[in-house]
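> Okay, sequence plus prediction incoming.
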Amino acid sequence: MSDSPNAHAKKSQTFLESTDSGTQEYPTDVDSVNRLGATIEPLPDEDSNSVMMVLEDSKPTMMVLFLTFLASISGFMFGYDTGYISSALVAIGDSFGSPLSYGQEQLITAATSLGAFITAVVSGLIVDFFGRKPVLMVSNILFVVGSIIQCASHTVWTMIAGRFIMGFGVGTGSLIAPLYIAELAPSSFRGRLVVLNCMGITGGQLIAYGIGAGLDSVHNGWRIVVGLSIIPPAVQFISFLFLPDTPRFLVMKNRLDEAAKIITKVYNGATPELVQEKIREIQKANSEIPGDNAFQRYWNSVISIHKVPSNFRALFLACSLQAIQQFTGFNSLMYFSATIFKAIGFDNSTAVSLIVAGTNFFVTILAFLIIDRVGRRRMLMVSLPIMMLFLVLCAISFHFVHISFDDNTAVVNGDVSAWGIVIIVFMVCYVASYAIGIGNVPWQQSELFPQSVRGLGASYATATNWVGSLVISSTFLTMLKNITPTGTFALFAALAAISIVLIYFCYPELSNLSLEEVQMVLTGGFNIKTSEKLAKKRKEQRRARTQRKEKARIEEEQIEGL
Ligand SMILES: O[C@H]1[C@H](O)[C@@H](O)[C@H](O)[C@@H](O)[C@H]1O
């Protein structure tokens with residue numbers, strides 16, 4: 001039942017007052033953190049039996065791994081659908097009557113990013129109301145419809161329409177999959193499990209490049225490449241018919257019994273008492289956004305995300321990281337590396353591009369292995385300076401290579417020189433340093449927000465990603481022509497330099513913290529020092545607990561052996 005107008009007005013007023021002061025959520029803990037000058041005193045000590053330590057420390061259950069794997073199919077589709085287009089553009093040839101013009105190629109490529117941008121914005125509105133699972137399933141339908149239209153298309157415009165609709169699916173999936181995973185994962189494994197989705201993206205890109213190259217000379221082979229993309233969303237759709245939404249969403253909707261059932265399944269060692277404690281913890285971190293209808297609630301979340309200081313800090317960080325990921329230029333290589341390598345003079349440029357996609361994928365596996373151990377902040381502070389270095393080296397090397405342009409701004413000819421090889425080596429190093437840090441960390445975005453604005457915040461950040469991808473993919477060739485490859489790579493390097501300063505001063509260490517602790521860190525400032533201390537403390541506590549468990553296990557074995 002909805003509130004009476006008076007009651008609702010009062011609720012909204014209280015809400016707005018509290019958002020002004022920024023103390024609406026987590027009154028006790030956050031106040032203590034602020035009072036103590038952002039020390040970590042109010043947090044549980046090593047011997048505490050708190051939910052944070054027992055549940056968040058637990059190894060992911062089979063159920064969590066299974067759900068993460070299925071959700072990562074969205075990542076795979078994101079990668080596959082953005083990856084196949086470079087080979088398809090070549091393979092389409094004159095399937096639509098005449099060869100594609102440069103402008104048509106741009107439109108076909110950009111249609112998916114544009115569609116993705118639109119749904120990344122809209123989905124933020126709906127995931128918090130309808131749930132993560134139903135919206136994910138709708139994205140599957142959009143993927144399939146988009147693929148079918150493309151497969152059957154005989155004109156450029158139907159192809160563009162198919163890519164656009166598929167983009168709706170890509171945008172929605174790219175928002176929800178990491179959100180779904182982050183909300184399920186125990187905190188000490190959250191980073192890794194979200195990176196699994198990134199492995200889906202980079203693996204999808206690699207496979208799309210590979211299949212595209214393999215079917216290059218098959219008549220209408222590009223239709224097979226597109227047609228294959230129907231299978232993963234169909235599998236994901238059917239699986240999710242039988243699978244749950246996240247406990248955090250269910251608690252938000254007051255469906256506590258369902259939430260309890262799932263918490264029991266996703267956390268190892270979840271006794272009924274711990275499950276109840278976990279639910280209370282989630283409730284405490286969750287402020288219900290008031291409003292009589294969806295629009296009012298959406299509007300109030302928009303206000304909350306901008307006016308509550310900790311929410312706004314989270315928003316600033318999530319969007320900045322996605323912008324840094326895109327504006328430091330990686331996708332220019334993803335989409336145009338074949339063009340660049342052709343310009344430098346390589347005959348089999350698609351094969352050389354496979355090296356870029358392969359490096360991105362394999363280094364993402366490395367990121368998967370270390371993200372929770374090394375920490376997000378440290379990975380960024382190592383990866384960005386190395387990236388900047390190799391961007392500068394690429395810029396310098398391009399100065400020594402002769403590249404010319406035709407009227408369509410496409411890059412042509414040039415001899416393979418020693419500098420050409422040097423550029424490839426530098427690019428591979430650049431891609432590796434990208435993939436170890438900024439290629440993955442921004443997708444941890446959901447952990448920055450409290451669940452009352454998590455969908456909205458993740459949607460702003462995902463939309464930033466797609467705008468960046470759209471801008472870079474539609475301006476890169478023009479930049480090469482107008483400010484030269486040296487100027488273009490120097491510009492990316494300059495943006496990387498600014499990013500380093502931003503991360504150094506603003507991005508706290510969030511690895512190993514529970515989603516509720518992240519909110520405490522972002523209250524009253526960016527609290528870099530506090531976050532580092534807290535993350536370290538959590539890590540040590542975890543190590544000590546593992547050692548204690550191991551010791552107890554050995555002792556038990558010895559007693560049994562007597
Ligand atoms: O994290 C992903 C990944 O790095 C992809 O390779 C890239 O194409 C995407 O734009 C990015 O969001």
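Yep, that arrived.

> Return the residues of the stretch 401-550 of the chain in contact with the ligand.
439, 443, 465, 469 (Cβ under 6 Å from any ligand atom). Where C-beta positions appear, they are placed from N, C-alpha and C, glycine not excepted.

> Export those to CSV and append columns for neighbour count and distance to residue 221.
Output for those, formatted as CSV (neighbours: other Cβ atoms under 10 Å; distance: Cβ to Cβ, whole Å):
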residue, neighbour count, distance to residue 221
439, 25, 29
443, 28, 32
465, 27, 30
469, 25, 26
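
> Go through these and flag which are in helices.
465, 469 (DSSP state H).

> Including pLDDT, could the residues of the stretch 401-550 of the chain next to the ligand go into TSV?
Converted to TSV, these look like this (pLDDT from 0 to 100):
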residue	pLDDT
439	97
443	97
465	97
469	92
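
> All the strands of the stretch 301-450 of the chain, residue numbers only.
Applying DSSP state E, counting those that start in this stretch to the stretch 301-450 of the chain gives strands spanning 404-405, 411-412.

> Could you tell me the least trusted of those strands?
Of all the strands of the stretch 301-450 of the chain, the minimum mean pLDDT falls on strand 411-412 (a mean of 52).

> ok, back up a step: pick the one among the residues of the stretch 401-550 of the chain next to the ligand closest to residue 277.
Minimum distance to residue 277 across those is 29.3 Å, recorded for residue 443 (Cβ to Cβ).

> is the ligand contacted by stretch 202-215?
Yes: contact of stretch 202-215 with the ligand (Cβ under 6 Å from any ligand atom) involves 202, 205.

> closest to residue 543 among the residues of the stretch 401-550 of the chain next to the ligand?
Closest approach between those and residue 543, by Cβ to Cβ: residue 443, at 26.5 Å.

> so the closest one sits right up against residue 197, yeah?
Yes: counting by Cβ atoms under 8 Å, residue 443 does reach residue 197; the two are 6.6 Å apart.

> ok, the residues of the stretch 401-550 of the chain next to the ligand vs residue 72, which is closest?
Closest to residue 72 out of these is residue 443 (11.1 Å), distances taken as Cβ to Cβ.

> distance of the closest one from residue 237?
22 Å (Cβ to Cβ, to the nearest Å).

> quick one: average pLDDT of stretch 117-124?
Mean predicted lDDT for stretch 117-124 stands at 91.

> where do the contact lists of residue 443 and residue 197 overlap?
Each of residue 178 lies in contact with both residue 443 and residue 197 under the rule Cβ atoms under 8 Å, 6 or more residues apart in numbering.

> Who are the contact partners of the residue of the stretch 351-500 of the chain found nearest the ligand?
The minimum distance from the stretch 351-500 of the chain to the ligand, using Cβ to the nearest ligand atom, falls at residue 439 (3.8 Å). Contacts for residue 439 (Cβ under 8 Å, 6+ apart) come out as 198, 202, 325, 330, 360, 363, 364, 367.

> which parts of the stretch 151-300 of the chain sit against the ligand?
Taking Cβ under 6 Å from any ligand atom as the contact definition, the stretch 151-300 of the chain meets the ligand at 198, 201, 202, 205.

> Now intersect those with the helices, please.
When DSSP H defines the helices, the subset of these inside them is 198, 201, 202, 205.

> what's the neighbour count on the third one?
Residue crowding around residue 202 was assessed by other Cβ atoms under 10 Å; the count is 29.

> could I get the residues of the stretch 401-550 of the chain next to the ligand as TSV with distance to residue 292?
TSV is the format used below for these (distance: Cβ to Cβ, whole Å):
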residue	distance to residue 292
439	43
443	34
465	33
469	37
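
> wait, what's in contact with the closest residue to residue 364 other than its chain neighbours?
In space, residue 364 comes closest to residue 202 once its chain neighbours are excluded; the distance is 4.7 Å by Cβ to Cβ, 6 or more residues apart in numbering. Contacts for residue 202 (Cβ under 8 Å, 6+ apart) come out as 79, 357, 360, 361, 364, 435, 439.

> rerun that using 7 Å as the cut-off
79, 360, 361, 364 (Cβ atoms under 7 Å, 6 or more residues apart in numbering).

> State the distance from the second one to residue 333.
Residue 360 sits 9 Å away from residue 333, going by Cβ to Cβ.

> Can you check which residues contact both of these two?
Common neighbours of residue 360 and residue 333 (Cβ under 7 Å, 6+ apart) are residue 431.
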